[in-house]
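Participant: Sequence and computational prediction follow.
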Number of protein chains: 2
Amino acid sequence: MVRFFVSSEELKQEEAALTEENAQHAKVLRLKPGETVLLCDGEGHEGVCEVVSTDGWRLRMLRRRDSQSEAAVKVSVYMALPKADKLEHVIQKATELGAYEIVTFPSARCVSRPDEKSLKKKLERWEKIAASAAEQSGRGRIPKVIVLNSLSEALARAAQADKALMFYEHEEALTLKMALSTGSFGTVSLLTGPEGGLEEAEVAQAREAGLQVCTLGKRILRCETAPLCALSAVMYQAGEF
Amino acid sequence: MVRFFVSSEELKQEEAALTEENAQHAKVLRLKPGETVLLCDGEGHEGVCEVVSTDGWRLRMLRRRDSQSEAAVKVSVYMALPKADKLEHVIQKATELGAYEIVTFPSARCVSRPDEKSLKKKLERWEKIAASAAEQSGRGRIPKVIVLNSLSEALARAAQADKALMFYEHEEALTLKMALSTGSFGTVSLLTGPEGGLEEAEVAQAREAGLQVCTLGKRILRCETAPLCALSAVMYQAGEF
């Protein structure tokens, strides 16, 4: 079924209309009266609608339901701010792979240090990338992109998950599999470093904050590969595929 | 330990020398006599060497061993030929993630149809990407990049693995986890489609050839995301991290 993202307000109405980009998209797809489409609010709710008229793209709500394509486990990807294109890559891929949210923050070895103004602009771009990837991959929820001010803030937030994990290339003993094998989990935080890696003091700080420090194996992964590898494994472990 | 890729012949000698790019790299790193370095043949063998002299970068072999960073499981990534930059991305990332080899081939919906001459040039480029990613990720083996002429050829080759799997977005019943849960495996083939996906007839042909057809979950993954997601999960399942 074709899917359109609309506001939460629009999803609550019995009659809706496709406007702007959605209307253009409907035109391109040559939707016809009687066909059914899916409206999604980007927050996990959706409505099955019938096209009433192509003139103004009016729709009638048939039934509402929770999104069918969201993962049961909520995985938050915490990534220390890398250079711009890498975070964009991670946002796109993590969205496809079903991440609940993507959180970025500065850490000691971050090269990228955008000022507030450029950060605001970047955030808008990141949100667009998440929305577009959510649409393409058929998700019912657009992951939030969140910018925090410090590693401390990120650690305190990440630690609230059932499984709060940091990945560190010098850790050898604790594997992700071991970390996930004890107890059940509904929420997971996965924290990874920037291009230059995490500093030892930051790893100690993470342990202090309650995170478990894990390895992703014997090979050194690039900063943009590590979070996606970990996310894929968590989704697999959680029974998503 | 700093690592240099050399030929198999050089690794067999009791005395070696770093030449060309390796010598330049050694100079940049300011290696000193008495320091130890690792020579790798790119095929899983390595030698621990002592720097004898910085004049000509002469080395003395201390001991040889199997590479410490190769995965026990041999995973072959079979990807129907996508547009150029996507295959490059997959080669780089699959190498980091520990793939044994990357195999590409044309399938019905492939947009990219390079002629023999341009394919030869591309292959050279792909091999360079694999070598560079192997070096960066600390691998002892450079995955081979292999180009086959048809899907039939790819299926026959892929089917020889202990677990031969194709991923198809319309498969819902068999998960990767189910496919991997029966019996042990030392070799795995993971086959994914191009941008436009696989055709139903191709999926039937794969079953015929002995491949199991699996889902990667409820979200539609881009053609370059699917193989890396599957590879990460297989490495996780095999106990790599």
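Facilitator: Now that the structure is in, tell me what you want to look at.

Participant: Might you enumerate the residues of chain A proximal to chain B?
Facilitator: For chain A, the residues in contact with chain B (CB under 8 Å from any CB of the partner chain) are A:68-71, A:93, A:96-98, A:136-139, A:175-177, A:214-222, A:225, A:228-230, A:232-233, A:235-237, A:239-241. (C-beta placed from N, C-alpha, C; glycine too.)

Participant: Mind giving me the packing neighbours of the host helix or strand of A:Val28?
Facilitator: Secondary structure from DSSP states H and E places A:Val28 in helix A:20-29. Helices and strands touching helix A:20-29, by 3 or more CB pairs under 8 Å, 6 or more residues apart in numbering or on different chains; DSSP states H and E, are strand A:2-5.

Participant: who does the strand it packs on pair up with?
Facilitator: Strand pairing for strand A:2-5, determined by DSSP bridges: strand A:36-40 (parallel).

Participant: So what touches the partner strand?
Facilitator: A:1-6, A:10-11, A:16, A:26, A:31, A:46-51, A:59, A:61-62, A:67, A:140-141 (CB atoms under 8 Å, 6 or more residues apart in numbering or on different chains).

Participant: for stretch A:153-172, same thing?
Facilitator: A:76, A:78, A:103, A:105, A:148, A:176, A:179-180, A:183-193, A:197-198, A:200, A:203, A:205-206, A:209-216, A:220, A:226, A:230.

Participant: Quick check: buried residues in it?
Facilitator: Residues A:Ala154, A:Leu155, A:Arg157, A:Ala158, A:Ala161, A:Lys163, A:Ala164, A:Leu165, A:Met166, A:Phe167, A:Tyr168, A:Glu169 are the ones in stretch A:153-172 that count as buried (16 or more other CB atoms under 10 Å in any protein chain shown).

Participant: Tell me how far the host helix or strand of the second one lies from the chain's centre.
Facilitator: Think A:Leu155. According to DSSP H and E, A:Leu155 maps onto helix A:151-158. Computed by CA atoms, centre = their mean, to the nearest Å, the separation of helix A:151-158 from the middle of its chain amounts to 17 Å.

Participant: quick one: A:Ala230 is in a strand?
Facilitator: No: judged by DSSP: H, G, I helix; E, B strand; the rest coil, A:Ala230 forms no part of a strand; its state is helix.

Participant: Just the pLDDT at it, thanks.
Facilitator: Residue-level confidence at A:Ala230 comes out at 98, pLDDT.

Participant: what about stretch A:227-241, distance to the chain center?
Facilitator: From the chain centre to the centre of stretch A:227-241 is a distance of 13 Å (CA atoms, centre = their mean).

Participant: What residues sit buried inside that stretch?
Facilitator: A:227-238, A:240-241.

Participant: Kindly report the same for stretch A:110-129.
Facilitator: A:Cys110, A:Ser112, A:Pro114, A:Lys122, A:Trp126, A:Ile129.

Participant: before we move on, which element is the fourth one in?
Facilitator: Right, the one you point to is A:Lys122. According to DSSP H and E, A:Lys122 maps onto helix A:116-136.

Participant: Filter the contacts of stretch A:153-172 down to the buried ones.
Facilitator: Buried members of the contacts of stretch A:153-172, counted by 16+ other CB under 10 Å: A:76, A:78, A:103, A:105, A:148, A:176, A:179-180, A:185, A:188-193, A:197-198, A:203, A:205-206, A:209, A:211-216, A:220, A:226, A:230.

Participant: Just those: which are in helices?
Facilitator: A:Leu176, A:Ala179, A:Leu180, A:Val203, A:Gln205, A:Ala206, A:Ala209, A:Ala226, A:Ala230 (DSSP state H).

Participant: among the residues you listed, which two are most distant?
Facilitator: A:Leu180 and A:Gln205 (22.7 Å; CB to CB).

Participant: so what's the residue nearest to A:Glu240 when sequence neighbours are not counted up against?
Facilitator: Leaving aside its chain neighbours, A:Glu240 sits nearest to B:Gly217 (4.5 Å; criterion: CB to CB, 6 or more residues apart in numbering or on different chains). By CB under 8 Å, 6+ apart, the contact set of B:Gly217 is A:Ala71, A:Gly98, A:Met235, A:Glu240, A:Phe241, B:Thr175.

Participant: one step back: and the helix holding A:Lys122, C-alpha only, in PDB?
Facilitator: C-alpha atoms of helix A:116-136 as PDB (Å, rounded to 0.1, in the frame of the first residue of the first chain):
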ATOM      1  CA  GLU A 116      25.200  26.600  17.400                       C
ATOM      2  CA  LYS A 117      24.000  28.200  14.200                       C
ATOM      3  CA  SER A 118      25.500  25.600  11.900                       C
ATOM      4  CA  LEU A 119      24.300  22.900  14.200                       C
ATOM      5  CA  LYS A 120      20.700  24.100  13.900                       C
ATOM      6  CA  LYS A 121      21.000  23.900  10.100                       C
ATOM      7  CA  LYS A 122      22.600  20.500  10.300                       C
ATOM      8  CA  LEU A 123      19.900  19.200  12.600                       C
ATOM      9  CA  GLU A 124      17.200  20.200  10.100                       C
ATOM     10  CA  ARG A 125      19.100  18.300   7.400                       C
ATOM     11  CA  TRP A 126      19.500  15.300   9.600                       C
ATOM     12  CA  GLU A 127      15.800  15.200  10.400                       C
ATOM     13  CA  LYS A 128      15.000  15.300   6.600                       C
ATOM     14  CA  ILE A 129      17.400  12.400   6.000                       C
ATOM     15  CA  ALA A 130      15.700  10.400   8.800                       C
ATOM     16  CA  ALA A 131      12.200  11.200   7.400                       C
ATOM     17  CA  SER A 132      13.100  10.200   3.900                       C
ATOM     18  CA  ALA A 133      14.800   7.000   5.000                       C
ATOM     19  CA  ALA A 134      11.800   6.100   7.100                       C
ATOM     20  CA  GLU A 135       9.500   6.600   4.100                       C
ATOM     21  CA  GLN A 136      11.600   4.600   1.800                       C
END
